[in-house]
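Novice: here is my input, please return the structure:
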Amino acid sequence: MTVHLEPFAAEHVPEAAALLERWYGRAGKGLPRLGAGDGESLVARRLAAAGPAAVAARSGRGTLTGYLAAAPVDLAGDERAALYGHPRSAAVGLGGHALEDGREAEVLRELYAAVAERLVGQGRYVHYVQLPADDAVAMAWFRIGFGLEQVRGLMPVKARGRQPRGVEGLTIRRAGPGDLPQVGRMAVEVAREHQQAATFQPQPPEALRALHTHYSAALADPRSAAFVAVRRGEEVGMVLLTPAGPGPATPPNCADLAEAYVEPSARGEGISRVLLATALAWAYDTGYRSVTAAWRSTSRTGAGHWPAVGFKPVAYRLSRVLQRPG
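Specialist: The predicted structure is shown next:
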């Protein structure tokens, strides 16, 4: 079946939003529902960020069968995001693409070929895409060379229920601004674990240095909370919740699990569950009703742990790294 490509422009937004809403109805069941007008607003933002790297596809009958908009991403060496992504890349955010049911592979192949050519022309050889956690949708991307890199999960925050068993000799305390050195040190250890097998994430040294003080504002913000686990006078773990930023994967009144760490020598004893239960109790009392977290699919600690404690996958981040010529 013939696919006709054309530049994705403002006049396509209402039709693209309708396609997105139909697609989310099937593929994005774990995501917050798009409200009236949300689809058009989201598509318009993705289009504005993409510039020329935005293409629409129509069938021979003139029906919109898909669109794709990829935005340039440029990160400073000391940004926290540089610890988990390439400093010069392109990203298709949630809402930055949608496909007609039943023709995903065919339409996406044509859309990506056109967009990727423009991205490579800009010197962007690392491409990311965010999509609902739907394996059928992901398969269309796998067939054109992408791989699963990151999972985002969502968990409801409920009133205190059954608490995990305690850990002998363990105490949990709320961290404050004076705990920045301890919180920063453990945040750096979380990041460094992504350098190991099987993630092998390159990380700028300046970003690791900046991470030591990255959470100074969060530790003084009443909307955020960090909790430190102490045993025999030694800090052996911490968890940090911050307000989740707005977005299609974020429901109202949502907190983000920004950091979570337990010293390797103390793992397997239930410390992480006690820390998380303490943080969730605080979150409920503060008015949060859900919490989101992201983990690498290759993480030997996170990939099994976070779904096991109750996070349901709602979104994927896929990536493709192209070989630079020469």
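Novice: so who does residue 269 touch?
Specialist: residue 167 (CB atoms under 8 Å, 6 or more residues apart in numbering). The C-beta positions use only the backbone N, C-alpha and C, and glycine is treated the same way.
Novice: and the residue nearest to residue 262 when sequence neighbours are not counted, how many neighbours?
Specialist: Nearest non-adjacent residue to residue 262, counting by CB to CB, 6 or more residues apart in numbering: residue 237, 3.9 Å away. Using other CB atoms under 10 Å, residue 237 has 24 neighbouring residues.
Novice: from residue 280, how far out is residue 237?
Specialist: 15 Å (CB to CB, to the nearest Å).
Novice: distance between the helix or strand hosting residue 4 and the chain's centre?
Specialist: Using DSSP states H and E, residue 4 sits within strand 3-7. Relative to the mean C-alpha coordinate of its chain, strand 3-7 is positioned 30 Å out (CA atoms, centre = their mean, to the nearest Å).
Novice: stretch 19-33 now?
Specialist: 17 Å.
Novice: same deal with stretch 177-187?
Specialist: 24 Å.
Novice: and what of stretch 151-161?
Specialist: 16 Å.
Novice: average pLDDT for it?
Specialist: Averaged over stretch 151-161, pLDDT sits at 90.
Novice: do stretch 90-109 as well
Specialist: Stretch 90-109 comes out at a mean pLDDT of 93.
Novice: CA atoms of that stretch as PDB?
Specialist: C-alpha atoms of stretch 90-109 as PDB (Å, rounded to 0.1, in the frame of the first residue of the first chain):
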ATOM      1  CA  ALA A  90      17.400  13.900  18.900                       C
ATOM      2  CA  ALA A  91      14.300  12.700  20.800                       C
ATOM      3  CA  VAL A  92      10.800  11.800  19.900                       C
ATOM      4  CA  GLY A  93       8.800  12.600  23.100                       C
ATOM      5  CA  LEU A  94       5.500  11.000  24.100                       C
ATOM      6  CA  GLY A  95       3.000  12.500  21.700                       C
ATOM      7  CA  GLY A  96       5.700  13.100  19.100                       C
ATOM      8  CA  HIS A  97       4.400  10.200  17.000                       C
ATOM      9  CA  ALA A  98       1.300   8.200  16.400                       C
ATOM     10  CA  LEU A  99       0.500   5.500  13.800                       C
ATOM     11  CA  GLU A 100      -2.700   4.000  12.300                       C
ATOM     12  CA  ASP A 101      -3.600   0.700  13.800                       C
ATOM     13  CA  GLY A 102      -2.500  -2.200  11.700                       C
ATOM     14  CA  ARG A 103       0.100  -0.300   9.600                       C
ATOM     15  CA  GLU A 104       2.600   0.600  12.200                       C
ATOM     16  CA  ALA A 105       5.700  -1.100  10.700                       C
ATOM     17  CA  GLU A 106       5.100   0.100   7.100                       C
ATOM     18  CA  VAL A 107       4.300   3.700   7.900                       C
ATOM     19  CA  LEU A 108       7.000   4.100  10.600                       C
ATOM     20  CA  ARG A 109       9.700   2.800   8.300                       C
END
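Novice: report the separation between the nearest residue to residue 99 once chain neighbours are set aside and residue 106.
Specialist: With CB to CB, 6+ apart as the criterion, residue 99 has its nearest non-adjacent residue at 4.3 Å, and that residue is residue 66. Distance of residue 66 to residue 106, given as CB to CB: 9 Å.
Novice: show me where this structure has strands.
Specialist: Remark: strands of the chain, listed N- to C-terminal, are 3-7, 54-59, 64-69, 71-74, 88-92, 97-99, 126-132, 147-156, 170-174, 225-231, 234-243, 254-262, 290-296, 312-321; assignment by DSSP state E.
Novice: any chance of those strands in JSON lines with distance to residue 214 as columns?
Specialist: Shown next, in JSON lines, are the strands of the chain (distance: least, CB to CB, whole Å):
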{"stretch": "strand 3-7", "distance to residue 214": "39"}
{"stretch": "strand 54-59", "distance to residue 214": "33"}
{"stretch": "strand 64-69", "distance to residue 214": "30"}
{"stretch": "strand 71-74", "distance to residue 214": "19"}
{"stretch": "strand 88-92", "distance to residue 214": "21"}
{"stretch": "strand 97-99", "distance to residue 214": "31"}
{"stretch": "strand 126-132", "distance to residue 214": "22"}
{"stretch": "strand 147-156", "distance to residue 214": "19"}
{"stretch": "strand 170-174", "distance to residue 214": "19"}
{"stretch": "strand 225-231", "distance to residue 214": "12"}
{"stretch": "strand 234-243", "distance to residue 214": "10"}
{"stretch": "strand 254-262", "distance to residue 214": "9"}
{"stretch": "strand 290-296", "distance to residue 214": "16"}
{"stretch": "strand 312-321", "distance to residue 214": "21"}
